[in-house]
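K.L.:
predicted model and sequence below, questions to follow.
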Amino acid sequence: MRASDTNIAEEIKSRANIVDVIGRTVHLKRTGSGYVGLCPFHNEKTPSFSVSESRQSFHCFGCGASGDVISFYEKLHNLNFMEASEKLAGEYGIEWKPGGDTDRESKKSIYYAINKAAARFFYDAIRKPKNPALSYMADRGVFPETIKTFGIGYADNRENSLVEYLREQNLPLEKAQELGLLVKRQSGEYRDMFLNRVMFPIINTREKVIAFGGRDLTGNARAKYLNSPESLLFHKRENLYALNLVKDAMVKGNTGILVEGYMDVVSLFQNGFRNVTAALGTALTSAQARMLKRYVETMVLAYDMDSAGVAATLRSIDVIRDVGLSGRVLSLKGAKDPDEYVQKNGQDELSRALAEAIPFMDFKLMRIAENYEHADEQGNLVLDEEARVAFLRDAVTAIREDVRMQRVGPVEVDFYIKKMARDTSISAEAIHEEIYGKQIGMGKNVPVARTGKKVSSVQKMKDIEATERLLIRLSLHSAKIAEQVGELQYLFQTPLYREIFETILEAAKEADGGEIDRDRMEERLEDPERSTIAEIMQNVKLAEDTEVQFHEVETGIKRRALEASARELNELLSDPEIGEDVKERVMRELREVRMKINALRER
């Protein structure tokens, strides 16, 4: 096998989750940290076929068959290595050429060599006495052993330090520029990109340096953190910080902790929490969540609890549950982030806080309740009668959406229905009906469309899909429109379209007012995202005036949201358990909603 074939095989194994591939053929059941099922290679009645998601391997204790995802595909379909690799590469959007793409693989080898040399250069620099990076890390309580473990380094204030080092190593400066390590001046000379920064190397699970993050030491830089750009090696939406160091501990405990920043990871790791990782300064993506699913069943979210952190937590909860993981949210009282908390309170207190972390659904409902709580005469936060009704309306909407997206099952929903009934003095039956509708003669809990007209759920989903496809097409056409869609805060209900839009939005922000670099954007995607984009580009038509077309879609989204509110308010009015004063307030709110709907219709 050629070296280039080996590299492609590694890429296939990094993208093709063995549980997903084998699960197409074998019914797998979770047991502990692995899966078992009936072996597809010999007849058996008792499962002896074992699959390890963390090791990405399989083994049958009955017939002895074992291997990785490629060898499974070979054996199942009676293919040789090259044939199996080609088919899997095609399924996962990996470019395949017999013998490999030597130009691409050669470029990757050079990139890896440059990143490795740069990491060594930065690490050697931080070890020198009396440098600001070492002082900064010491002030943050980070020990030299931890600096070594993470390979943390220092980029000094000289503009050609790394340039000179790479030149001494006979490494091509133009390739270092492509990786974002150097900048080319108008004169044609190169200078260092990272100046006066603590350097955090980003290392993949194959122990290769793929990128860097640099933290400013001066307090004067435009960006506190400066990160490597996307490259052939690095797609930030598909990588997690320090996963190479923590994945084994994640598997052992079947739980991971997700934080926001590099220093949160470093600090918690040093304090004994070896299962902590971060999403590289971006909102958690589906690709990152799928990667975490290889190692754990449960994630604890430990984001900052400011408004931005809470919003990121709520988004991440849905992304995590969409891939089948469960989880909790860490509540940090008296500290802005996990690093500060463990520095102030120590390892034992953080362990206690982790043990008391809040289940995802409780966190969602608590945040909804906070919108309506007020202090009573004793200073306690309470919900009055009107606030209880408003809280229930929003809570039911959130739970109904989770049920529709299959993030929660009937047992969990039933638990929270009973809990809300106790907390609000509204009957569990009424809350159940708000979530599921009247289902006389139906055997399953399925949320129904709560509309004045009889609209089938199938038609409703078709309308939603058509809207989301048009939003994607408009966003691909214009970076400006993509950012406007982002500002809409419209939650894509189709996970595939949500994943695609997240990538488009990242590319739009990078375009900085210019055109989206489609080729570079699609490098970050896998199939089926790439093929879906191609299909949307071909079949979804744009109007001559795309700005007008977008505003029509925007108006439709806002109108549908208001109509949903009106339907829920009408349902509340029919509830015999609410008082006349509450009914009067609901009617007033309903009139306001209808006025807004009419205003949108008149546009």
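P.N.:
Right, received. Where do you want to start?

K.L.:
now do the helix or strand containing F121: distance to the chain's middle.
P.N.:
F121 belongs to helix 102-126 when assigned by DSSP states H and E. In terms of C-alpha atoms, centre = their mean, to the nearest Å, the centre of helix 102-126 is found 27 Å from the chain centre.

K.L.:
that one packs against which elements?
P.N.:
Judged by 3 or more C-beta pairs under 8 Å, 6 or more residues apart in numbering; DSSP states H and E, helix 102-126 is in contact with helix 3-15, helix 132-139, strand 153-155, helix 161-168, helix 173-178, strand 197-203, strand 209-216. The way it works is simple: take the backbone N, C-alpha and C, and place the C-beta from them, glycine included.

K.L.:
hmm, 7 Å instead?
P.N.:
The contact analysis (3 or more C-beta pairs under 7 Å, 6 or more residues apart in numbering; DSSP states H and E) places helix 102-126 against helix 3-15, strand 153-155, helix 161-168, helix 173-178, strand 209-216.

K.L.:
on contacts alone, who are the packing partners of the shortest one?
P.N.:
In other words, strand 153-155. For strand 153-155, the elements it packs on are helix 102-126, strand 197-203, judged by 3+ C-beta pairs under 7 Å, 6+ apart.

K.L.:
could you redo the last one with a cut-off of 8 Å?
P.N.:
helix 102-126, helix 132-139, strand 197-203.

K.L.:
now tabulate those in a markdown table and tack on mean neighbour count, distance to A387 and mean pLDDT.
P.N.:
What follows is these, written out as a markdown table (neighbours: other C-beta atoms under 10 Å; distance: least, C-beta to C-beta, whole Å; pLDDT from 0 to 100):
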| stretch | mean neighbour count | distance to A387 | mean pLDDT |
| --- | --- | --- | --- |
| helix 102-126 | 18 | 54 | 91 |
| helix 132-139 | 16 | 46 | 96 |
| strand 197-203 | 25 | 45 | 97 |
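
K.L.:
got JSON lines for these, with distance to V246 too?
P.N.:
As requested, those are exported to JSON lines (distance: least, C-beta to C-beta, whole Å):
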{"stretch": "helix 102-126", "distance to V246": "19"}
{"stretch": "helix 132-139", "distance to V246": "20"}
{"stretch": "strand 197-203", "distance to V246": "11"}
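
K.L.:
just name the most buried of the helices and strands packed on helix 102-126.
P.N.:
Of all the helices and strands packed on helix 102-126, strand 153-155 has the most neighbours on average by mean count of other C-beta atoms under 10 Å, namely a mean of 26.

K.L.:
partner strands of that strand and their direction?
P.N.:
Partners of strand 153-155 in the sheet, by DSSP bridges, are strand 197-203 (antiparallel).

K.L.:
touching the strand it pairs with from outside, list them.
P.N.:
115, 119, 122, 126, 133, 136-137, 150-155, 209-217, 221, 226, 228, 234, 239, 241-242, 244, 262, 280 (C-beta atoms under 8 Å, 6 or more residues apart in numbering).

K.L.:
returning to what we had before: lowest average pLDDT across the helices and strands packed on helix 102-126?
P.N.:
Ranked by mean pLDDT, the helices and strands packed on helix 102-126 bottom out at helix 3-15, with a mean of 71.

K.L.:
before we move on, the earlier item: and the helices and strands packed on strand 153-155: which comes nearest K293?
P.N.:
strand 197-203 (20.5 Å; C-beta to C-beta).

K.L.:
can you check what angle separates that closest one from helix 102-126?
P.N.:
Calculated by axes from the mean of the first three to the mean of the last three C-alpha atoms, to 10 degrees, strand 197-203 forms an angle of 140 degrees with helix 102-126.
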